[in-house]
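**Q** When you get a sec, could you give me coordinates for this:
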Amino acid sequence: MIKPEFKKSLNRNYMVVVSTEERRDYQLKMVCANEIMGYLGTEIHEMNGEEQIFYDITSKQPFSIFYGQKDITYDALKKIFHSLGILYSESERFLLDPSNCVFDPEYVFCDPENGNVSWAFIPGGTVEGMLPFAEYIMEHTDHSDSRAVESAFRFFKCAKNDSFNPEEMIDFVERMGETTDKKPIYPDYDDYFPAGLLTHSGEIDNSNAFETKADSDDSQATESGDKKGKIRNLLNRIVRKKGETNDSVGISEYSNEKDNIDFIGFEEEPAYSCETMLLSEGHSDNRMLKGVRRNCEDIPLSNLPVLIGKMSDRVDVVLPGNTVSRVHAQIFESEGKVFLKDLNSRNGTYKNGVELTVNEIVEIKPGDEVCFADLPYMFV
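**A** Okay, here's the model as predicted:
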């Protein structure tokens, strides 16, 4: 597992990994020397006597953040598999081995503008291969749409068997698109899992071949990698969704007055909504980010975690202003404390006037000032 750092240089953001002897091969040089679709832009720099690999993640979001709080729809799956197809075809063209890419959802990056996905090339790759990526997709897929479920499951099977073929996967997903019935019709698991795994009622039979120490909860899967227990529970969650439909999300809209102030030094992002909107309902809680200026409406923090930005179909709170990134920052709670995390924003996230580094996490307390680019708030 890689342990990258994140750095900002002028107007570019980078994920940085320390290089090793094994990583200095012709494939890495090829990736550094060319702009290759499907791969993050890559550079090698020597700093403090060691070589470091810089991956350009400017304006991109980790896959785990971009899809962490919203279901992966069928259309999004098509885009993801199309990106994988580009990765594999470009790898063949440049004589690269795509298995050397990192498929951990935390270090796979999405472009919020078009949904394209990019991967980091690290010679040697990771021991997990593509499976963590496939498991994440399977768990976060829209389980109310049979097309999405069956496509995600097919991808999982291929990753599990190390038999992924991007052309076949794309063809399969396109054929799913020809299906007009979107009812949850679940895949025939028997062609992959041991006979009898599914009961006639559609539930997973926990007494069968996947019985492990992880009885009924993912958290009970052993740290050493009880993959069977994890997968069984993933399938349980899919099957339990049978017949369910997603509730509509309540939207509370806040009016706002704009301050006609020009801020020097902030880059303008593409225009989205110019009103603060709360896109999820929460529980009774008095915590909030109180707007300091007239165009900064209060942001309730009643239901954490909260994603903040201006991309209404991806974040929980939409902020005004052209300096805010599509997915700008996250506020979450852990062990009774509230934390602020910058999400690779172009114009920065600030606590008490100090800019957070890329993906940096800091605790915030009542009285702290929080700024998203040039928009100031007070945590109360």
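**Q** how much space is there between Cys158 and Met138?
**A** Plainly put, Cys158 is 12 Å away from Met138 if you go by C-beta to C-beta, to the nearest Å. All C-beta atoms are positioned from the backbone trio N, CA, C, and that covers glycine.
**Q** neighbour-wise, which of these two wins?
**A** Shown here are Cys158 and Met138; by other C-beta atoms under 10 Å, Met138 has more neighbours (23 against 18).
**Q** Next, that one: phi, psi?
**A** phi -60, psi -40 (degrees, to the nearest 10).
**Q** my guess is Ser345 meets Phe372, correct?
**A** Yes - taking contacts as C-beta atoms under 8 Å, Ser345 lies within contact range of Phe372: 7.4 Å.
**Q** tell me, what's touching the two both at once?
**A** Common neighbours of Ser345 and Phe372, using C-beta atoms under 8 Å, 6 or more residues apart in numbering, are 324, 328-329.
**Q** Return the members of these classed as buried.
**A** By neighbour count, with 16 or more other C-beta atoms under 10 Å, the shared contacts of Ser345 and Phe372 hold 324, 328-329 as buried.
**Q** Tell me the spacing between the residue nearest to Val338 when sequence neighbours are not counted and Cys32.
**A** Using C-beta to C-beta, 6 or more residues apart in numbering and skipping residues adjacent in sequence, the residue nearest Val338 is Ile364, 5.5 Å away. Counting by C-beta to C-beta, the gap between Ile364 and Cys32 amounts to 38 Å.
**Q** When the two are compared, which one has more neighbours?
**A** Between Ile364 and Cys32, Ile364 has the larger neighbour count (other C-beta under 10 Å), namely 18 against 15.
**Q** residues contacting the more buried one?
**A** Neighbouring residues of Ile364 by C-beta under 8 Å, 6+ apart: 331, 338-340, 351, 370, 379.
**Q** With Asp25 instead?
**A** Asp25 neighbours (C-beta under 8 Å, 6+ apart): Pro123.
**Q** pLDDT averaged over stretch 286-301 - what is it?
**A** Taken as a whole, stretch 286-301 carries a mean pLDDT of 90.
**Q** picking that back up, what I need now is the shared contacts of Ser345 and Phe372 written out in CSV, including secondary structure and pLDDT for each item.
**A** What follows is these, written out as CSV (DSSP: H, G, I helix; E, B strand; the rest coil; pLDDT from 0 to 100):
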residue, secondary structure, pLDDT
Val324, coil, 93
His328, strand, 95
Ala329, strand, 95
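**Q** Just give me the closest of these to Pro132.
**A** Among these, Ala329 lies closest to Pro132 (C-beta to C-beta), at 25.2 Å.
**Q** Quick check, that closest one in contact with Phe372.
**A** Yes - the pair Ala329 / Phe372 is scored as a contact, 5.9 Å apart, by C-beta under 8 Å.
**Q** What is the subsequent helix or strand relative to the one helix or strand Arg154 maps to?
**A** Assessed by DSSP states H and E, Arg154 sits inside helix 146-160. Downstream of helix 146-160, the next assigned helix or strand under DSSP H and E is helix 166-177.
**Q** Identify all contacting residues around that next one.
**A** Applying C-beta under 8 Å, 6+ apart, the external contacts of helix 166-177 come out as 74, 77-78, 81-82, 84-85, 87-89, 146-147, 150-151, 154-155, 158.
**Q** Give the buried residues for that helix.
**A** 166, 169-170, 172-173, 176.
**Q** With stretch 48-58 instead?
**A** Buried-residue list, stretch 48-58, by 16+ other C-beta under 10 Å: 52-58.
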